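K.L.:
how would this look folded up:
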Amino acid sequence: MRFLPLIVVVLTNLVLAWLYFQGVDVPLWLLGPSGALLALGVWDIAQRSHTLRRTYPISAHFRWFFEWLRPYMRAYLLDSDIEGRPFSHRQRALIYRRAKGEEGVNAFGTQLDVEKPGHEWINHSVVPRACVKGGFRVSIGGPECRKPYDASILNISALSFGSLSGRAIEALNMGAKAGGFFHDTGEGGISAHHLKHGGDLVWEIGTGYFGCRTEDGQFDADAFAQHAARDQVKMIEIKLSQGAKPGQGGLLPGSKVNQAIAAARGVPVGQSVYSPPSHSAFSTPRELLTWIADLRRLSGGKPVGFKLCIGHRWEFLAIVKAMLDTGIAPDFIVIDGSEGGTGAAPVELSDHVGTPLREALIFVVNALVGANLRDHIRIGVAGKIFDGHSMAATLALGADWCNAARAFMFALGCVQTRKCHTDACPTGVATQNRWREAGLVVDQKGPRVTAFHRETVDALADYVAAAGLAHPSELRPEHLRIRQGTHSVRSADKIYCYIEPGALMSGHAPEDYARWWDMADPDSFLARGSLNSPDR
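P.N.:
Residues are numbered from 1 along each chain as shown. All right, here's what the predicted structure looks like:
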């Protein structure tokens, strides 16, 4: 039976040949497909690379066809509205509607199972406030910052030119300009596409120091000062790690380094560029903070902070100790949840390395509160933020503002085919292929970015007003209710541990925090007492 398709093809070709020589008028269009299938079957038996094709000539190809078709069948025909990962059909549809300025409403009640553990909500007030829309702002800039920045409560997270197409970057920046929110450059440098429409930028600097690097890949202070002086650059963000692939650098093959990418990154055209896993500008927590102070000075006093996915707790607490010792603090910290990620990443790193957003956020809030530093440092978050509730819940747990990447990609037209790393993005968002990119019309997509931002922030305003609050900053853990079981519901302040101000320094922190605090060393990212630490 395994040779049946090949036998049928052989017999079909024999019959067609016999009819032809008998003078029967055989349609020529039959000869091409039948001959191609015969050649394919012979090649399947002759080749030595694929056992399945040798064993099941011709028919084995159906397996690959259905393997290719499977995710599309599931997404469009089989999954329910609330199924699908990383974003369900329902979640994507809401983003699409809001990007088009359409009404985002439910008819006939919620589709969510409100009895399912994990379901959450924020209680409303019997005296709700009148909803005041028009956006919420967050002032970012500590005592040493001479040029604080008033950021929107929702902004575009790090998306590099090179990972995204030039047109996608232009559309995002056009939307940011019109909507009054910022656009994080990602670590790929500031490109002409970022600058074309004049939207506010947060310049992210990674381990490759793109846009401010020497020929051998070290940090170049003069180049940094030149670009940081741009009025369009509002803040500087040092990338320590990211949620999608924490602890890993990257290699950009020379074949992808075209003229535009080379200009943005400050590297030679056609030459492969390596981004190491860690920074060369500093090697200890104390050196990191000294560098932050240098960047703040070189930028003319603009807010400087860092982004990271939380890993070893003692490493972050070592940075906190260094803040106390040096008197230098970042103006902001952005927490990247491990559930984030816009491009490709190794499966193990994406699935099992790094701390999810909520646990990371609560830890950072506790670390800063426990060291009496929270009032001076703003906290931004990124990790599957896409609607008013995901924003409100995160703000209630301690964040000051939210960033989103994939949600804004959906606003551009992304359909979650998950081909970001193949250069075959069907919507022209995550590709450098000119033909594919041409399908993305900047003048059409830019306004959708603005509309998604406006409608989502307005939804947050409705949410906050229903709770009887005037501003999202008034949200607290006790406002967030989470179902633990069929008959058990608790507020977030009863589920998660929140420590008292100054508890780390006074010795009254919970056991885990006290242990991590003792392990933290402001002069090393290694844990005190570890085999490789300076204390051993």
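K.L.:
any idea where the strands of the stretch 351-500 of the chain begin and end?
P.N.:
In the stretch 351-500 of the chain, the segments counted as strands under DSSP state E, counting those that start in this stretch are 378-382, 401-404, 480-485, 488-491.
K.L.:
quick one: strands adjacent to the second one?
P.N.:
Strand pairing for strand 401-404, determined by DSSP bridges: strand 154-156 (parallel), strand 378-382 (parallel).
K.L.:
Low-confidence regions, the stretch 251-400 of the chain specifically.
P.N.:
251, 340-346 (pLDDT under 70).
K.L.:
where along it do the helices fall?
P.N.:
259-265, 285-298, 313-326, 347-352, 357-370, 388-396 (DSSP state H, counting those that start in this stretch).
K.L.:
contact partners of the fifth one?
P.N.:
When you say that, I think you mean helix 357-370. 243, 309-310, 313, 316-317, 320, 333, 335-340, 355, 374, 377, 379, 381-384, 394, 397-399, 496-505, 509, 513, 517 (Cβ atoms under 8 Å, 6 or more residues apart in numbering). No exception for glycine: its C-beta is placed from N, CA and C like everyone else's.
K.L.:
relative orientation of that helix and helix 388-396 in degrees?
P.N.:
30 degrees (axes from the mean of the first three to the mean of the last three Cα atoms, to 10 degrees).
K.L.:
As CSV, could you dump the C-alpha coordinates of helix 357-370?
P.N.:
Only the C-alpha atoms of helix 357-370 are listed here, as CSV (Å, rounded to 0.1, in the frame of the first residue of the first chain):
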residue,chain,number,x,y,z
LEU,A,357,6.3,39.7,34.5
ARG,A,358,4.1,39.7,37.6
GLU,A,359,6.6,37.9,39.8
ALA,A,360,9.4,40.1,38.5
LEU,A,361,7.4,43.3,39.0
ILE,A,362,6.5,42.4,42.6
PHE,A,363,10.2,41.5,43.4
VAL,A,364,11.5,44.8,41.9
VAL,A,365,8.9,46.9,43.8
ASN,A,366,9.8,45.1,47.0
ALA,A,367,13.5,45.6,46.4
LEU,A,368,13.1,49.3,45.9
VAL,A,369,10.6,49.8,48.7
GLY,A,370,12.8,47.7,51.0
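K.L.:
returning to that earlier point: return a ChimeraX selection command for the buried portion of the contacts of helix 357-370.
P.N.:
Of the contacts of helix 357-370, the buried ones can be selected in ChimeraX as follows, counting by 16 or more other Cβ atoms under 10 Å:
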select :243,309,310,313,316,317,320,333,335,336,337,338,339,340,355,374,377,379,381,382,383,384,394,397,398,399,496,498,499,503,504,509,513,517
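K.L.:
Kindly list the main-chain dihedrals of the closest residue to Gly485 other than its chain neighbours?
P.N.:
Take Gly485 and drop its neighbours on the chain: the residue closest to it by Cβ to Cβ, 6 or more residues apart in numbering is Pro117, 5.5 Å away. In this entry, Pro117 is assigned phi and psi values of phi -50, psi 140 (degrees, to the nearest 10).
K.L.:
pretty sure Pro117 contacts Arg490?
P.N.:
No: under the criterion of Cβ atoms under 8 Å, Pro117 makes no contact with Arg490, lying 11.3 Å away.
K.L.:
Is there a neighbour count for the residue nearest to Gly485? I'd like the number.
P.N.:
Pro117 sits with 12 neighbouring residues when counted by other Cβ atoms under 10 Å.
K.L.:
The helices of the stretch 251-400 of the chain into TSV, with extra columns for distance to Asp523?
P.N.:
Formatted as TSV, these follow (distance: least, Cβ to Cβ, whole Å):
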stretch	distance to Asp523
helix 259-265	32
helix 285-298	6
helix 313-326	8
helix 347-352	28
helix 357-370	18
helix 388-396	33
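K.L.:
Before I go, just wanted to say thanks for your time.
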